[in-house]
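**Student:** Let me see the structure of the following:
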Amino acid sequence: MSAVHPARAAASEAPTRLQRVRERTGLDTIELAFLLSALLAPADIELVGSLTISDVLVAGVAYLLLADGRRIAALPPLFIPAILILLGAAAAGGFRASHPYETLTQLFQFGFILLIQLSVILTVVTTRRLLHLSLLMVAIGSLAGNVASFVMQQAQGADRILAFYSDNPNRLSYPTAYLLPFVLHYITVLWERGLRWRAFWVGGSLLYLMIWALAASASRGGALATVVGLVAYVVFADGLRGSLRRAMLTALGLGAVVLVLFNTTLFPVTLQDRVDRSLTTDAAEQTTLLADRERLADAAVAGIIDSPIIGTGLDNFRHVAQKYHPQATPQQPHNMWLALMAETGVVGALAAAFLFTTWFELLIRARRYTRDRELQRLAWASVSSMMAVMAIFMTIPIMLHRHYWLLYGLGLAIVELIRRESETAFAATGFTARLDAR
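**Tutor:** A predicted model of the protein is given here:
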């Protein structure tokens, strides 16, 4: 055998860059790539068509998992039939689509999210540390956009501030709605651990930024979703006992926030102006504000009645909206459920509803089987966040932004984490079979 040169031997024993990164962070390449995808998901940066940077990273993580010989976790068995029904209904609608390429594009997005992204989340996020880091990345990615908007102050009509990654000012408010339960949870954790100054300054800074974004965007749907998430978390995070007292305190707190919003110069007054216009008794003003969406909703209902089983095809209702209502604008219905029924048929919408209701059921039931109070509250923060997302979905079309589904997948990861830590309690209830992902 030929002797190995001493310099080469020393080089081969020296740690590689990736090994040094793991030594410093405790994370491997797969976990780092996943966390980067979580950081970039809220920005929704598109490369080609609807393909985002986050998608590429998630696909890369899936490839690395397979190359490393690791088994990619499957979703709970109950989810698979519903996913296949939803995808099948969406594919069937493609045969009626006037623009089949657009249907195919959204179909691939649904398939990627439901069959790959969620499975990657369940495979990678298997520890509390990765769960917390993933939520932190989503928060940083979302609030970085709010900071950019705060700095740039790019306004649209009616002085509404735009999210830097979108020309829709409503999107500036959405992070406030879906992040607020998690922010309140972590502020509570810091407070109970005695880190009260940190809880005050960090929590106060985050809450100011989030409330500013809500006021600057002037999104009434975002404001409603924020109230839903806030009330759900604060009132019920510790169960039903004492919930009435917490509800009264929450009402007082909301009243104080409204007074600050509407009677100081700390926040933009745009939201107040839009709320005032919404409450006006001027029929002409109300018509201007609501007529377009009402006509779209009427068109969607007419389309559903016309073809309740096979829809118009994903992302295609806007092309036929005026067929069902001559005065409708060429848009999607501003309600996710109407959009799903119109574009995938009632069967597809029912399959989607099953995916969400089962998700809520799993989290609500799973949190009962852990004695860890922080984990119980984190599970409820996830439920409250998704309730806020559901409120958002009541006022917008079908949303395929990846961070919403990332939150969905992290909720399932919380369920799996509770199951692993409370296997005996789950087995005793017969609930394990509903959660078994393998």
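**Student:** buried set for stretch 140-151?
**Tutor:** 141-146, 149-150 (16 or more other C-beta atoms under 10 Å). Using the backbone N, CA and C atoms, a C-beta is placed for each residue, glycine as well.
**Student:** same deal with stretch 322-330?
**Tutor:** In stretch 322-330, counting by 16+ other C-beta under 10 Å, buried: 324-325, 328.
**Student:** average pLDDT across the host helix or strand of Leu143?
**Tutor:** For Leu143, the host element (DSSP states H and E) is helix 128-152. Helix 128-152 shows a mean pLDDT of 91.
**Student:** tell me which strands and helices the helix or strand encompassing Ile187 is in contact with?
**Tutor:** Using DSSP H and E, Ile187 maps to helix 170-192. Judged by 3 or more C-beta pairs under 8 Å, 6 or more residues apart in numbering; DSSP states H and E, helix 170-192 is in contact with helix 128-152, helix 196-217, helix 220-236, helix 373-393.
**Student:** Compare these and report which one is nearest to Leu259.
**Tutor:** helix 196-217 (12.7 Å; C-beta to C-beta).
**Student:** As PDB, could you dump the C-alpha coordinates of that closest one?
**Tutor:** The C-alpha coordinates for helix 196-217 follow below in PDB (Å, rounded to 0.1, in the frame of the first residue of the first chain):
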ATOM      1  CA  ARG A 196     -39.800  40.100  32.800                       C
ATOM      2  CA  TRP A 197     -37.700  42.900  31.500                       C
ATOM      3  CA  ARG A 198     -37.000  40.900  28.400                       C
ATOM      4  CA  ALA A 199     -40.700  40.000  28.100                       C
ATOM      5  CA  PHE A 200     -41.600  43.700  28.400                       C
ATOM      6  CA  TRP A 201     -39.100  45.100  25.900                       C
ATOM      7  CA  VAL A 202     -39.200  42.300  23.300                       C
ATOM      8  CA  GLY A 203     -42.900  41.700  23.600                       C
ATOM      9  CA  GLY A 204     -43.700  45.500  23.600                       C
ATOM     10  CA  SER A 205     -41.500  46.000  20.400                       C
ATOM     11  CA  LEU A 206     -43.100  43.100  18.600                       C
ATOM     12  CA  LEU A 207     -46.700  44.100  19.600                       C
ATOM     13  CA  TYR A 208     -46.100  47.700  18.500                       C
ATOM     14  CA  LEU A 209     -44.800  46.600  15.100                       C
ATOM     15  CA  MET A 210     -47.700  44.200  14.600                       C
ATOM     16  CA  ILE A 211     -50.400  46.700  15.700                       C
ATOM     17  CA  TRP A 212     -48.800  49.300  13.400                       C
ATOM     18  CA  ALA A 213     -48.900  46.900  10.500                       C
ATOM     19  CA  LEU A 214     -52.600  46.200  11.200                       C
ATOM     20  CA  ALA A 215     -53.400  49.900  11.400                       C
ATOM     21  CA  ALA A 216     -51.300  50.900   8.300                       C
ATOM     22  CA  SER A 217     -52.800  48.200   6.100                       C
END
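**Student:** and the angle from that helix to helix 220-236?
**Tutor:** 150 degrees (axes from the mean of the first three to the mean of the last three C-alpha atoms, to 10 degrees).
**Student:** Show me what counts as buried in helix 196-217.
**Tutor:** 199, 203, 206-207, 209-217.
**Student:** Now do the strands in this protein.
**Tutor:** Secondary structure of the chain by DSSP state E: the strands cover 46-48, 51-52.
**Student:** Can you tell me which of those is most buried?
**Tutor:** strand 51-52 (a mean of 18; mean count of other C-beta atoms under 10 Å).
**Student:** average pLDDT across that one?
**Tutor:** Average pLDDT, strand 51-52: 88.
**Student:** Over to stretch 181-196?
**Tutor:** 93.
**Student:** Would you agree Glu102 is in contact with Phe317?
**Tutor:** No - with contact defined as C-beta atoms under 8 Å, Glu102 does not count as touching Phe317 (10.5 Å).
**Student:** Compare these two (neighbour count), which wins?
**Tutor:** Neighbour count, other C-beta atoms under 10 Å: between Glu102 and Phe317, Phe317 has more, with 30 against 18.
**Student:** Quick one, grab the pLDDT at the residue nearest to that one when sequence neighbours are not counted.
**Tutor:** Computed as C-beta to C-beta, 6 or more residues apart in numbering, the closest residue to Phe317 that is not its neighbour in sequence is Ala342, at 4.9 Å. With respect to pLDDT, Ala342 has a value of 93.
**Student:** what's the spacing between Ala342 and Leu27?
**Tutor:** To Leu27, Ala342 is 44 Å away according to C-beta to C-beta, to the nearest Å.
**Student:** the more surrounded of the two?
**Tutor:** Comparing Ala342 with Leu27 by other C-beta under 10 Å, the one with more neighbours is Ala342, at 33 against 16.
**Student:** separation between the more buried one and Leu179?
**Tutor:** Remark: distance between Ala342 and Leu179 (C-beta to C-beta) = 30 Å.
**Student:** go on, Leu259?
**Tutor:** Applying C-beta to C-beta to Leu259 and Leu179 gives a distance of 23 Å.
**Student:** wait, Thr226 sits on Thr176?
**Tutor:** Yes - the pair Thr226 / Thr176 is scored as a contact, 5.3 Å apart, by C-beta under 8 Å.
**Student:** any residues in contact with both of these two?
**Tutor:** Here Thr226 and Thr176 have Leu214 as joint contacts, going by C-beta atoms under 8 Å, 6 or more residues apart in numbering.
**Student:** And the pLDDT for the closest residue to Gly60 other than its chain neighbours?
**Tutor:** Spatial nearest neighbour of Gly60, chain neighbours left out: Ala33 (5.8 Å); criterion: C-beta to C-beta, 6+ apart. Note for Ala33: predicted pLDDT of 94.
**Student:** hang on, isn't Ala33 packed against Leu64?
**Tutor:** Yes - here Ala33 lies in contact with Leu64, judged by C-beta under 8 Å, at a distance of 6.9 Å.
**Student:** More neighbours: which of the two?
**Tutor:** Per other C-beta under 10 Å, whichever of Ala33 and Leu64 has more neighbours is Ala33, with 20 against 17.
**Student:** That one and Leu362, how far apart?
**Tutor:** Distance from Ala33 to Leu362, by C-beta to C-beta: 27 Å.
**Student:** between Leu259 and Leu179, which one's more packed in?
**Tutor:** Per other C-beta under 10 Å, whichever of Leu259 and Leu179 has more neighbours is Leu179, with 25 against 10.
**Student:** max-length helix in this structure?
**Tutor:** Using DSSP state H to define each element, the chain has its longest helix at helix 336-366.
**Student:** Lovely, talk soon.
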